[in-house]
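>>> Fold the stuff below for me.
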Amino acid sequence: MVNGMTMLVNVTDADFNALTNHDIIKHFLIRCTEEMGMTPLPHTLTIEHFPIIGGKGDYGISGMLILIESHISIHTWPEKNYARIEISSCRDFSEIDAVKVIKSFFGGEVKWKAIKWF
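Numbering: from 1, shown residues only. Below you'll find the predicted structure:
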């Protein structure tokens with residue numbers, strides 16, 4: 001039986017520089033995966049910038065890493081100092097460890113909800 005979980009995370013008052021930095025987003029995805037003992041699939045790390053509508057040149061970042069266990073994704077809205085993160089796995093993982101990694105990269109206030117699959 002699968003004991004999976006999806007963790008939905010909202011980060012408010014996050015560090016603007018971290019939310020706009022390609023390398024920080026990349027290292028966050030890798031570090032979070034390592035901390036939870038998950039296994040990334042080779043060549044699946046994707047990070048893209050996107051324009052903020054009406055943002056006068058501002059942009060956000062969307063990043064995703066596909067895992068053998070499922071995936072981790074992040075979407076940032078720097079103009080609002082906000083990030084949305086989803087960690088999904090076909091096995092349980094430590095929510096507290098994930099929050100520690102998130103706070104170490106982005107600061108701010110972290111609120112989350114974990115949804116058990118089965």
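>>> Which strands and helices lie in contact with the least confident helix or strand in the chain by mean pLDDT?
Ranked by mean pLDDT, DSSP states H and E, the weakest helix or strand in the chain is strand 46-51, scoring a mean of 87. Other elements packing on strand 46-51 under the criterion 3 or more CB pairs under 8 Å, 6 or more residues apart in numbering; DSSP states H and E are helix 22-35, strand 59-66. In this view, the C-beta of every residue, glycine as well, is placed from N, C-alpha and C.
>>> V101 is nearest to which of those?
helix 22-35 (4.7 Å; CB to CB).
>>> what's next to that closest one, contact-wise?
Residues external to helix 22-35 that are found in contact with it (CB atoms under 8 Å, 6 or more residues apart in numbering): 17-18, 39-40, 45, 47, 49, 61, 63-65, 67, 72, 74, 76, 87, 97-98, 100-102, 105-106.
>>> Cool, thanks, talk later.
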